[in-house]
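[1] Have a look at this fold, sequence not included:
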Ligand code: SIN
């Protein structure tokens, strides 16, 4: 198994391993690489839906997504699909999956099933690097703060997606979500400090209104996506990417209008987050 960094701070490409049949030592090395680098990319994988699900269970539980369409036969698999005639994509803004849950998902395993001829890459940003790069006075300002996260403004019947042509495909418009997490968490395995707010789902700091929170939130959001923290996943047929939702944000680029794209995602259960 060979690992090649994708960018100085974020991402690793791992070759010489077949995910569907990897042994326990390889699995352990894959997990460690993802915890540290945030996202790992694997090329030329044969990964049936059953193998996708079996591989996900080697991490622990599966969190079924409340909103995306699910595969009829395999409800563990969420479909991230944009049809050729749709304008809006799923996940086309910086976010981390499921931060609005009390126990946010640990990670996601995304398999490319149908790709546009060009475009449709996914950007990732490393929240350990983002935290490390904050000026000391900003680190002091956010020490001990907690923030409220929700997805209601995104997925509800009067939410952002409902006002687009993606609204018709999504479920869960009556769901209500909300969770409080520390603004700086420690990675449960590596212990590294990570910035844990994101521009899609983090609404305000606890004890402050949205208006009071916005100036500091905006500074953190800008710092989080510094180019030095980022890497870019270029999808090819047979590509699988696995990321750690505590360590990264991601953003699915919507630059392939007129073409379809379909990815299959399993979201991996996590654990309560702590400062
Ligand atoms: C997502 O999980 O947000 C979608 C990522 C992608 O489609 O590249």
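    That came through, no problem. The structure displayed is predicted, hence computed values, not measured ones. Numbers count the residues shown, from 1 in each chain.
[2] Return the residues of this protein in contact with the ligand.
    Residues of the chain lying close to the ligand (C-beta under 6 Å from any ligand atom) are 80, 90-91, 97, 108, 110, 122, 250, 252, 263, 265. C-betas here are computed from N, CA, C, even on glycine.
[3] What is the nearest of those residues to the ligand?
    The ligand has its nearest neighbour among those in residue 91, at 2.4 Å by C-beta to the nearest ligand atom.
[4] doesn't residue 80 make contact with the closest one?
    Yes. Counting by C-beta atoms under 8 Å, residue 91 does reach residue 80; the two are 6.6 Å apart.
[5] what sits in contact with each of those two?
    The overlap between the contact sets of residue 91 and residue 80 (C-beta atoms under 8 Å, 6 or more residues apart in numbering) consists of residue 252.
[6] where exactly do the helices run in the stretch 51-200 of the chain?
    Ranges of helices in the stretch 51-200 of the chain, per DSSP state H, counting those that start in this stretch, are 127-132, 136-142, 152-155.
[7] what's the most buried one of those?
    Comparing the helices of the stretch 51-200 of the chain by mean neighbour count (mean count of other C-beta atoms under 10 Å), helix 127-132 ranks first with a mean of 23.
[8] Need the helices of the stretch 51-200 of the chain in JSON lines (columns: mean pLDDT and distance to residue 49).
    What follows is these, written out as JSON lines (pLDDT from 0 to 100; distance: least, C-beta to C-beta, whole Å):
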{"stretch": "helix 127-132", "mean pLDDT": "98", "distance to residue 49": "30"}
{"stretch": "helix 136-142", "mean pLDDT": "98", "distance to residue 49": "41"}
{"stretch": "helix 152-155", "mean pLDDT": "92", "distance to residue 49": "25"}
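[9] what about the residue nearest to residue 113 when sequence neighbours are not counted, which SS state?
    Among residues not flanking residue 113 along the chain, residue 262 sits closest, at 4.7 Å (C-beta to C-beta, 6 or more residues apart in numbering). Under DSSP: H, G, I helix; E, B strand; the rest coil, residue 262 falls in the strand class.
[10] hang on, isn't residue 262 packed against residue 110?
    No. Using C-beta under 8 Å, residue 262 makes no contact with residue 110, being 10.9 Å away.
[11] Quick check: neighbours shared by these two?
    Joint contacts of residue 262 and residue 110 (C-beta under 8 Å, 6+ apart) are residue 80.
[12] Look at the two and report which has more neighbours.
    Per other C-beta atoms under 10 Å, whichever of residue 262 and residue 110 has more neighbours is residue 110, with 25 against 14.
[13] Report the beta-bridge partners for the more buried one.
    Here residue 110 shows beta-bridge partners residue 241, residue 265, assigned using DSSP bridges.
[14] so what's it up against?
    With contact set as C-beta under 8 Å, 6+ apart, residue 110 has these partners: 80, 122, 240-243, 263-265.
[15] got a winner among those residues for most neighbours?
    residue 243 leads the contacts of residue 110 on contacts (other C-beta under 10 Å) with 28 neighbours.
[16] Point out the other helices and strands that the helix or strand hosting that residue packs with.
    Per DSSP states H and E: residue 243 is located in strand 240-244. Judged by 3 or more C-beta pairs under 8 Å, 6 or more residues apart in numbering; DSSP states H and E, strand 240-244 is in contact with helix 24-37, strand 39-42, strand 107-114.
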